[in-house]
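*Asks:* pasting the structure only:
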Ligand SMILES: Nc1ncnc2c1ncn2[C@@H]1O[C@H](COP(=O)(O)OP(=O)(O)OP(=O)(O)O)[C@@H](O)[C@H]1O
Ligand SMILES: Nc1ncnc2c1ncn2[C@@H]1O[C@H](COP(=O)(O)OP(=O)(O)OP(=O)(O)O)[C@@H](O)[C@H]1O
Ligand SMILES: [Mg+2]
Ligand SMILES: [Mg+2]
């Protein structure tokens, strides 16, 4: 993908960690553009290099190969002062939170504001606002070790958002959160993206996060960028095996092979898995089939999944009845619905 | 719930943290039995007291009220030596991993084996086995700070399982893991539960984990135990508002109020949300409706969710056609399916 | 077995002697002479004046040679011991030196003078300064005076007690220092350029006679007495004089006299 | 314990003066030497490779300098820096000179204590500050030092005692204080009553300091 | 530098002996005092409230004891523990007695350094070990000390230098070593050539130790 308005550009980036004689290559020849004002998600298995990737973007790690360009500036060639300048415009939510243990919750969130030279009053107001947003107003004077895992993570989020930085890097920002709070955080991230035009890079292993938040998604596998594109496209038609396994495991849209076998033998029926989006409907089609072909159907797997602003459905349908009718009905179903596919 | 074979019993347990004049009550009057050989899940919002609860079970925290009985022994009345005895039979996966930074991955996993006095050879073999299970054989000689978040978590899991303790406490054991690895871990936990009869308490905010692993679920809300029972029952008929919100947010089985309004006005149709389990089918019912009442239906929300060994479905159905027919069809649908409910 | 006198199989005897100036040149001839008589002298060096007497009292050394009778008397009284002199050696003068002034009268009113801080040398230094007319001690002072006894109203200078060795190093900071002979020599100060010296030949110098000291029960030990005598062999005395640049006054008094002086000093100290 | 012939009545004002002198000497040393030592320790920590101000030449020079000065026996150090003391304080003897020497010694000693304590700060929080664009100086002031404050306080408490101990050696240059009192009036006169009175006073001061230090450290670390 | 009249030729064997004595004295002190100090420091850390061996009376006694002994000026300590030294070593002078006194002083000093360094161990890993049923002694040996090893090594390196410095004060009891050499042959005789030769030897020893310490600490902490 090449876009004209890429805010972050990685060109041939590689990162190898060395200790003594042993080396670990965390990233290999990554070319990636992060478009301005969009939410880009990075997914991949544990150890794929996701955290390393975002750490390169704010210069916490230096690439061993290639260049990282943020906002037109090549990080590897900047002076310490210039790097700080760039960093002050990048908020980062750390996977391990990295809260200051010597500061209260208030002090943690106020820290970036102090760096930015905000007045005491403005700091107070802003921290109060953020605390109320993450639901921890009553913890303002607690210290990090007095917080639960999810509370710590929320403080990390509030701290990263404090100065409303134009770029936000979120490394597994909702991993320790319950679903409700996750939704709140995702809504907030969406809002800052839409209202303030903040460019967001989220690392996540939760497809929910990708679906409800991201415009683009990049898939890392063993340090290599194996797939990259708009979320809808990637979800609807994953091109790489890893992406597919990843999606299947998360969305569980298609029954596994074992399950299919079981269904076929149990019901002696035609099994069709169809994917529908908002331009296609499944109910109308099924109603039709029932009327026109005199078959009975059963829904045995799947359902709707929300994808950012709309929904994507995958259903596995059993068709039963007269074999001929079933064959015709199946063909019909495949013909009318998007991505009809015999599972 | 009262069971005869409760391995862990909490009776009137309360826990209040005090610092100076400020106090935080993390748990309040908890009565809970954890049945032997089963998987019990604890869910609840961030800060609900889940971690505190399991920390009470292995005596890392002392209750400020009530008693914690493990295996017939009241922890609060045991000598230090006896507590150690109990603890050596409880494996714990920590939310923040708590890996020994001075030990390699190998050393971390071998630690409990050393405590248990295993021979060097047996240690080696066991660690190798665990490492291969968590997919980190090549990281045996790495130190924790060289690991990714998910890798750390997997080491924490391997360490807790090392001695095959009869009780396992897992505090958000898969929060940092990608879906594939999560599945592997869940499968493993299930195996140790089924094959070795290990009693497991999992804390999680991922309903997937509850569904695929747990027999019982306890719901904590603001330090209070608000619901407790077999997973199927709780999921199918959550009695407490928090449980419901929790389930909705995770499973997203029911459309939100806004969404419902939108559907109603957009389609001018009857909206019915039904829940089905393996004793009831939806396809056959819908086929029937179409034939008998001459209505068209549309599936607009929901789908199937796997629950441990079977599936539970929730579907939101729009019914369109002649008003009378629709009314009758809706009544029909509600009558035949479990938990039919007008949303 | 490093210390204590042992009669070896071969009939030789080892005598350990505590001192604070092990590197002084007279030890060599003394050891040589003793060796000829079958005595091995082992020199045990102490970094400050305070430890040598306790070591002797605890039988960790057999003799010591570093102190004058005044120091000995004070120790015996304060520590309730009965160490005793068995042979005299020298009296060395205590001098007033300066880097800023070349005559006593140049020392300004309110000037500052560094003096040794160990009690006996300190008292002696005060007496020297009194003799030099730089200060006045209440009641005339004695061998146990301390800076508290200075009649400040009637004195020209104030004193700063420092480590005996530091009296030299302090010269740039003060108008004058009262410096022990051995430190002055080590520091290459010319004793002849001293602004003032107390006179070792005056009877008032008696307390400052240096002596070999032994435990009371050893006061008649022939070997020890032999060593004390060997000190006055010309080969040793030559080195003593050379070391002191001729300022040391050799003293060879009978033991009874030394004991008498010491006893008197002890009686004074007890008051 | 105090022997009858010791004019304790006479010694008392000296004793009280000594206490005051010790307090002044030690406080000044800890204040100035503490700040300089903190600065030097922070530099040692931050300029070494991997530090936020990584700079090999500066690190090497500082490291060697500290190693050069620290092992010099205090009594020799006092004399060796005499000319410097003269310039700075106008004298090489007395409490002013002693304090100067103590400050020099404390600076170098404390720098190592500081270095030792900064090492245990979680690198993650330093990264967090860096990621927000904090300057190294800012990080030192607002992250490194506060995060290590607990151990640092214990370290300074340790240094307090070491300085008290060292100040005793300042007796050589008429440094004053309880050390001098103990040695001049006690030790050198074999008067154990006086010696122990002085030591007791020192112990009380140290107990108070240690108690305050532990208390502060626990407050700061909340454990 | 060495003045013409100093018989350097004569001094050389003394100098070499002194180096050896210093090495022996310091190594023994660090070994024995180090172990005892480690034990005492661990006890201070673990017996205080909240520690894994929390025990108020023991803690209070140890804490006060350390505060009692540490501030005693070394020269006075040497004399004060004379009877003990006599019992243990059969003498109160010479290198053996000096080493004994150094060990006593080092034990108490090091205990505070150890305490200070253990404080920064993440309580989470201690809990992890506890949750596996590890005994306190086991936790000390396999968790507390290893987790704090980096700072501990730096702490012991610090103590090394402090001991070298302290050993100079042992000159008062004919303690031997480079300190005595520097003071008796150099400082007290105003022979700066000898003084600096001794100091240079000390500095070399310290540089080597510090280098080794830093290297080991970095190896252990991998940063
Ligand atoms: N040591 C402590 N001191 C004070 N308050 C504490 C302490 N530990 C926990 N708490 C508080 O107790 C409550 C429960 O914490 P707990 O860690 O049990 O939550 P949790 O359910 O595990 O949450 P999460 O899902 O976010 O991990 C929280 O409000 C937390 O702030
Ligand atoms: N400092 C380091 N030294 C050596 N290897 C490292 C270091 N940091 C990361 N790695 C390795 O680099 C690889 C990528 O790590 P990274 O943290 O980027 O993974 P990740 O995709 O974020 O995984 P997770 O989802 O588990 O957090 C891993 O194999 C990890 O072990
Ligand atoms: Mg990561
Ligand atoms: Mg928790």
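*Replies:* Noted; the coordinates are in hand. Bear in mind the structure is a predicted one, so any value in this text is a computation, not a measurement. Residues are numbered from 1 along each chain as shown, chains lettered A, B, ... in the order given. Ligands and ions are numbered 1, 2, ... in the order given.
*Asks:* can you pull the contacts of the spatially most central residue of chain A?
*Replies:* Centroid check for chain A by CA atoms, centre = their mean gives residue A:210 as the closest residue, at 3.0 Å. Residue A:210 makes contacts with A:41, A:43, A:202, A:204, A:217, A:231, A:235, as judged by CB atoms under 8 Å, 6 or more residues apart in numbering or on different chains. (Glycine included, C-beta is placed from N, CA and C.)
*Asks:* name the strands paired with the helix or strand hosting the fifth one and say parallel or antiparallel.
*Replies:* The one in question is residue A:217. In this assignment (DSSP states H and E), residue A:217 forms part of strand A:216-221. Sheet pairing of strand A:216-221 (DSSP bridges) gives strand A:39-44 (parallel), strand A:224-230 (antiparallel).
*Asks:* helices and strands around the next helix or strand after the first one, which ones?
*Replies:* Once strand A:39-44 ends, the next helix or strand along the chain (criterion: DSSP H and E) is helix A:50-57. Other helices and strands packing on helix A:50-57, by 3 or more CB pairs under 8 Å, 6 or more residues apart in numbering or on different chains; DSSP states H and E, are strand A:6-19, strand A:22-35, strand A:39-44, strand A:65-70, strand A:167-171, strand A:199-203.
*Asks:* tell me the most buried of these?
*Replies:* Comparing those by mean neighbour count (mean count of other CB atoms under 10 Å in any protein chain shown), strand A:39-44 ranks first with a mean of 27.
*Asks:* helix A:50-57 and that one, what's the angle between them?
*Replies:* Angle, strand A:39-44 to helix A:50-57, by axes from the mean of the first three to the mean of the last three CA atoms, to 10 degrees: 140 degrees.
*Asks:* hmm, strand A:39-44 touching ligand 3?
*Replies:* No - judged by CB under 5 Å from the ion, strand A:39-44 makes no contact with ligand 3; its nearest approach is 9.4 Å.
*Asks:* how far out from the middle of the chain is that strand?
*Replies:* Offset of strand A:39-44 from its chain centre (CA atoms, centre = their mean, to the nearest Å): 5 Å.
*Asks:* so it versus strand A:167-171, what angle?
*Replies:* Per the same axes, to 10 degrees, the angle that strand A:39-44 makes with strand A:167-171 is 30 degrees.
*Asks:* now the strands for the stretch 201-343 of chain A?
*Replies:* Counting by DSSP state E, counting those that start in this stretch, the stretch 201-343 of chain A has these strands, from start to end: A:216-221, A:224-230, A:270-276, A:296-307, A:310-320, A:341-342.
*Asks:* export the ones you listed as a markdown table, with columns for distance to residue C:173.
*Replies:* As requested, these are exported to a markdown table (distance: least, CB to CB, whole Å):
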| stretch | distance to residue C:173 |
| --- | --- |
| strand A:216-221 | 72 |
| strand A:224-230 | 74 |
| strand A:270-276 | 95 |
| strand A:296-307 | 85 |
| strand A:310-320 | 89 |
| strand A:341-342 | 98 |
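*Asks:* ranking those by burial, who's on top?
*Replies:* Of those, strand A:216-221 is the most buried (mean count of other CB under 10 Å), at a mean of 25.
*Asks:* briefly note if that strand comes near ligand 2.
*Replies:* No - using CB under 6 Å from any ligand atom, strand A:216-221 stays clear of ligand 2, coming no nearer than 6.5 Å.
*Asks:* and the residue of the stretch 1-150 of chain C closest to ligand 4?
*Replies:* residue C:47 (62.7 Å; CB to the ion).
*Asks:* any idea which element that residue lies in?
*Replies:* Judged by DSSP H and E, residue C:47 forms part of no helix or strand.
*Asks:* for chain A, what lies in contact range of ligand 2?
*Replies:* A:17, A:24, A:26, A:44, A:46-52, A:95, A:205.
*Asks:* so which bits of stretch D:130-137 are buried?
*Replies:* Under the neighbour-count criterion of 16 or more other CB atoms under 10 Å in any protein chain shown, stretch D:130-137 has D:130, D:131, D:132, D:133, D:134, D:136 buried.
*Asks:* so what's whichever residue of the stretch 1-150 of chain C sits closest to chain E up against?
*Replies:* Among all residues of the stretch 1-150 of chain C, residue C:47 sits closest to chain E, at 3.0 Å; criterion: CB to the nearest CB. Going by CB under 8 Å, 6+ apart, residue C:47 touches C:20, E:170, E:171, E:172, E:173, E:174, E:175, E:180, E:183, E:184, E:188.
*Asks:* in helices only, show me these.
*Replies:* residue E:180 (DSSP state H).
*Asks:* filter the contacts of residue C:47 by proximity to chain A?
*Replies:* Among the contacts of residue C:47, no residue sits close to chain A (CB under 8 Å from any CB of the partner chain).
*Asks:* may I see the ChimeraX selection of the buried members of the contacts of residue C:47?
*Replies:* To isolate in ChimeraX the members of the contacts of residue C:47 that are buried, counting by 16+ other CB under 10 Å, one can use:
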select /C:20 /E:170,171,172,173,174,175,180,183,184,188
